[in-house]
Each structure stands twice: as structure tokens, then as C-alpha cells.
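Undergrad: okay, structure incoming, though there's no sequence with it:
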């Protein structure tokens, strides 16, 4: 029942953001009973960059966002005849004839961390996977690694399958569920948070998942810039009239990352002193990137 309520709330949020017709279409696409794409059958070039895979599978982590083109053009009957499903879109050879929106451009930063370890046997977890385009990217980029994905969506939303790929329904708002999941599958070498994109979920996921990183493991937080911009503008508006934001929602994620760098104890109503002491004891380094897209931002926490 709780999962159903969460799913309904997510659908309402999508309707508010994208409109009723677009939301109905989105739900129809992913609930449509079609065979999943077997990643073990997908052939890739011997030499490629991470961005090539991002483009191939359509994740917006790359420079161009290919999946949006498919979903928009799929409304055209002739296009739908040529590309009846997403697998046929992956196999398109004449891809340069289409227009694409710019993606969030994270791939060049990810590759900075991943290039030297991509052929190791790692355990990689992504929090928030939607249809699984980025899971497919990690699957092919890390040929020897186990790829884990968690979300609150039913498995019918996932477009991909593979021998090394596992997807589970986990509620990131439920700490007990997270602990049960992580205790079951053990620690991870890489954890990527691409889930709620807002406060206090950024913070809660760091609190809950950072302890489940292996030594020298990396935690990546995506897409906090938009929430930070909103918080700063509201904070500035309040200051203009000599008011303050309510305690607990008055510090940006960028500011908190800088506090992490300097091991500063702060009180935001989310991170407890115990949480901060754990992070500071185990944090090796932290990096922050802004790739240029108006909402793209990437925080990287490396564990000792």
C-alpha cells in the first residue's frame, strides 16, 4: 500500500510537470508488455568512450540526450513503423540525420574516475533508474562488474536485462528497507544517486548509503544545482525582508559539500553530529563539477 501511494504521488508530480497527455503516453510506453533488451546480445565497438555508450542507450548523462528524440518522434506513425520499439532505435545506423537535445554532460567527468578501473570486477549501484538507460550504459562500460539498480517503479518499467544486471524495488525514504537491501548484497564500489533531485533527499541518501561504500569507493550525487538555485533565491527573498528560512532547509548542497571539505560541524536539521563525524572520519576527498547545462551538477565523495 505504501509503495502504491508513493507511485501515485510520482505520477501526480509528472502530470504537474509535463501535462496529462504526456504523462499518459509515458506510462503507456513503459507498461507496454514488450520483451526487454538483452544487453548480452548488444555488440559495441572495441574502442569507445563513455559518452558513446551514453548516446547509444540514450541516457541524459551524456553530451546529447538521444532518448528524448525517440519518445517525441514516436508520436509520428511513419517513425513508429520504422522504430516499433526502443531496441530498433538502438540499432539505427543513420543516427546523424536526427536532432537531439543537449544532455547533462556528466560522461566526461565520470570517465575521469572510471577509465582506469573499468575492467575490474566491481559492484555498482544506481539509485533511481527510470527505464534503465544508464544501467545499460554502466553494464557495457564495466564488462566484468555487477550492476545494481533500485527504484520504486515496478519492474515492467525497466527496458533492459542482462546476466550481471539486477533491479530491485526499494523505497529510499525507508531507512530499514535500505539497510536490509545493502546488508543483503554487501558494500558497493560505486554508488550513483540519480533519484529525487531535491532536499532533504540528497542528504538522506548520503546518510543512508555512504556507509555502504567499500574503501576507496565513490559516491556520486547528481542534479543538485536546480534545487540549490531555488533555495538560494528563496533565501535571498527572505533576507530582503529581514526574514530567515525555516531551520533545516536553509543550506545548499554546494555549501554542505564545502563544509565536508573543511570538516565543519553544522546544524541543518538533517545531518546529525554523529552523521557528520562518520563522514569526516571516512571521507578521503570531495569534488564538485558544473558541466554547463543549466541544471547539471555532480558531487563526488571518495571514501578512505
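TA: Perfect, I can see it now. Everything numeric in this text was worked out from a predicted model, so none of it was measured. Residues are numbered from 1 along each chain as shown.
Undergrad: any residues touching stretch 233-241, and which ones?
TA: In this structure, residues lying in contact with stretch 233-241 by C-beta atoms under 8 Å, 6 or more residues apart in numbering are 244-245, 250. All C-beta atoms are positioned from the backbone trio N, CA, C, and that covers glycine.
Undergrad: what's the neighbour count on residue 216?
TA: Using other C-beta atoms under 10 Å, residue 216 has 11 neighbouring residues.
Undergrad: equivalent analysis for residue 163, please.
TA: Other residues within reach of residue 163 by the criterion other C-beta under 10 Å amount to 10.
Undergrad: so who does it touch?
TA: By C-beta under 8 Å, 6+ apart, the residues touching residue 163 are residue 40.
Undergrad: what's the answer for residue 127, then?
TA: Contacts of residue 127 were listed using C-beta under 8 Å, 6+ apart, and they are 150-151, 172, 191-195, 205, 209.
Undergrad: over to residue 96. Which of the three states is it?
TA: Reduced to three states with DSSP: H, G, I helix; E, B strand; the rest coil, the structure at residue 96 is helix.
Undergrad: residue boundaries of the strands in this structure?
TA: Ranges of strands within the chain are 37-38, 64-65, 101-102, 123-127, 146-151, 160-161, 165-169, 188-193, 213-222, 283-289, 298-303, based on DSSP state E.
Undergrad: quick one: closest of those strands to residue 90.
TA: Nearest to residue 90 among the strands of the chain is strand 37-38 (7.1 Å), distances taken as C-beta to C-beta.
Undergrad: which strands or helices does the closest one pack on?
TA: Judged by 3 or more C-beta pairs under 8 Å, 6 or more residues apart in numbering; DSSP states H and E, the packing partners of strand 37-38 are helix 86-90, strand 160-161.
Undergrad: thinking again about what came up before, out of the contacts of stretch 233-241, who's the most crowded?
TA: Comparing those by number of neighbours (other C-beta under 10 Å), residue 250 comes first, having 16 neighbours.
Undergrad: give the contact list for residue 209.
TA: Taking C-beta under 8 Å, 6+ apart as the test, what residue 209 contacts is 125, 127, 178, 182, 191, 193, 219.
Undergrad: repeat that for 7 Å
TA: Under the criterion of C-beta atoms under 7 Å, 6 or more residues apart in numbering, the contact partners of residue 209 comprise 127, 178, 191, 219.
Undergrad: before we move on, back to that, could I get the strands of the chain in CSV, plus columns for distance to residue 114 and mean pLDDT?
TA: As requested, those are exported to CSV (distance: least, C-beta to C-beta, whole Å; pLDDT from 0 to 100):
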stretch, distance to residue 114, mean pLDDT
strand 37-38, 22, 94
strand 64-65, 19, 96
strand 101-102, 22, 96
strand 123-127, 9, 98
strand 146-151, 13, 96
strand 160-161, 19, 94
strand 165-169, 17, 95
strand 188-193, 8, 98
strand 213-222, 9, 97
strand 283-289, 14, 97
strand 298-303, 11, 98
